[in-house]
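> Structure, please.
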Amino acid sequence: LGVISEYTLRCVPAFRIHRVDELRPVGEVLADLDALVATYDHFEVMALPHTDQVLTYASRRTDRPAAPPGRVSAWWNDDVLSNAGLGAACHLGRLFPRAVPGIARAVTGAVGRYEQLDDSHRVYAHRRRVRFTEMEYAIPRVHAAEALERIRALITDRRLPVLFPIELRFTAPDDAFLSTASGRDTAYLAVHQVARAEYEAFFRAVEAIMDEYGGRPHWGKRHFQTSGTLAPRYPGWQEFQAVRARLDPDGVFTNDYVARVLGPVGAAPARPRTGRAGRP
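Alright, predicted model coming up:
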């Protein structure tokens, strides 16, 4: 809504993370999802398309001294599997779409258990050299398992050439007007497609599922929503629009994307033409 000239960061003391990455059966993880989220400080699921496996990232904060993985192990996990291997698999998938399910199973077979105990920025920050486009939705956490299963079924039933994992992560609620986690315990579901591959049909089909849960799209990633479809999903929408009208009454800081998702400055949002407001 304006030019930022100064900002303040609220930080916590530096900490270490003990993280274990391992493959687990998808049914086992989803059946125990609430307990897993409650057990760890950070818990994330990467569902592997065309398989019945998920890769879980289970992290706890710790005061134990750092014990980073060996060079060979780190090279295999970060350079070979996460970058060169994934890139090669995606390239093959673009050339031979019908082979994608078999490629996905082969990639999954190469994934093993990987453990890190290090400073948080070394655990969480990695180079990603495979280019992709992404859509991510925030939905009420209670629907996380069901929504993930529906996306997996969508990919399988339509034999979509998708190799990137479906990402599932969790956050607590907050009270920011247009935060995707505003007012509710939230699960984030992200889908990806390799760069230069067709993505819109897949993303629109996933978005239709997310609409049924009152999904809120990540503001900086792909989605097809408008101010009319978004306004009912945010309890602080009108309060935000009042602030917007006060700070930028002439719409100086509005571009085409902002106009699409927030509407004109001072205008009431249009009613959505299609779709449902979301499940109770």
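> Need the CA coordinates for stretch 6-26. CSV is fine.
Extracted in CSV, the C-alpha atoms of stretch 6-26 (Å, rounded to 0.1, in the frame of the first residue of the first chain):
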residue,chain,number,x,y,z
GLU,A,6,12.0,1.1,7.3
TYR,A,7,11.1,-2.2,9.0
THR,A,8,11.8,-4.1,12.2
LEU,A,9,12.3,-7.9,12.4
ARG,A,10,11.2,-9.8,15.5
CYS,A,11,13.6,-12.7,15.9
VAL,A,12,14.3,-15.6,18.3
PRO,A,13,17.7,-16.8,19.3
ALA,A,14,19.5,-19.0,16.9
PHE,A,15,18.7,-22.7,17.3
ARG,A,16,19.6,-26.1,16.0
ILE,A,17,17.4,-28.6,14.4
HIS,A,18,17.5,-32.4,14.4
ARG,A,19,15.6,-33.5,11.3
VAL,A,20,14.9,-36.9,10.0
ASP,A,21,13.7,-37.4,6.4
GLU,A,22,12.3,-40.9,5.6
LEU,A,23,9.8,-42.6,3.4
ARG,A,24,6.6,-43.9,5.0
PRO,A,25,3.3,-45.4,3.6
VAL,A,26,0.8,-42.6,2.9
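> Only the buried residues of that stretch, if you could.
Across stretch 6-26, burial judged by 16 or more other C-beta atoms under 10 Å covers 16-19, 21, 23-24, 26. Quick note: C-beta positions are derived from backbone N, CA and C, even for glycine.
> Make a markdown table out of those and add pLDDT, distance to V45 and secondary structure.
Shown next, in a markdown table, are the buried residues of stretch 6-26 (pLDDT from 0 to 100; distance: C-beta to C-beta, whole Å; DSSP: H, G, I helix; E, B strand; the rest coil):
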| residue | pLDDT | distance to V45 | secondary structure |
| --- | --- | --- | --- |
| R16 | 97 | 23 | strand |
| I17 | 97 | 17 | strand |
| H18 | 97 | 18 | strand |
| R19 | 96 | 14 | strand |
| D21 | 96 | 11 | strand |
| L23 | 96 | 11 | strand |
| R24 | 97 | 9 | strand |
| V26 | 97 | 9 | helix |
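> Show me the strands in this protein, by range?
Ranges of strands within the chain are 16-25, 42-47, 53-62, 114-119, 132-140, 166-171, 186-194, 216-217, based on DSSP state E.
> tell me how far the ends of stretch 126-135 are from each other?
Terminal residues of stretch 126-135 lie 20 Å apart, using C-alpha to C-alpha, to the nearest Å.
> what does stretch 66-80 give?
24 Å.
> Flag every buried residue along the helix or strand bottoming out on mean pLDDT in the chain.
Least confident element among the helices and strands of the chain, by mean pLDDT, DSSP states H and E: helix 71-74 (a mean of 87). Under the neighbour-count criterion of 16+ other C-beta under 10 Å, helix 71-74 has nothing buried.
> and if you look at stretch 78-94?
In terms of neighbour count (16+ other C-beta under 10 Å), stretch 78-94 has its buried residues at 78, 81-83, 85-86, 89-90, 92-94.
> Please tabulate those in JSON lines, including the columns distance to R150 and pLDDT.
Formatted as JSON lines, the buried residues of stretch 78-94 follow (distance: C-beta to C-beta, whole Å; pLDDT from 0 to 100):
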{"residue": "D78", "distance to R150": "31", "pLDDT": "86"}
{"residue": "L81", "distance to R150": "27", "pLDDT": "83"}
{"residue": "S82", "distance to R150": "27", "pLDDT": "87"}
{"residue": "N83", "distance to R150": "30", "pLDDT": "87"}
{"residue": "G85", "distance to R150": "28", "pLDDT": "88"}
{"residue": "L86", "distance to R150": "24", "pLDDT": "89"}
{"residue": "A89", "distance to R150": "24", "pLDDT": "91"}
{"residue": "C90", "distance to R150": "24", "pLDDT": "90"}
{"residue": "L92", "distance to R150": "27", "pLDDT": "91"}
{"residue": "G93", "distance to R150": "22", "pLDDT": "92"}
{"residue": "R94", "distance to R150": "25", "pLDDT": "89"}
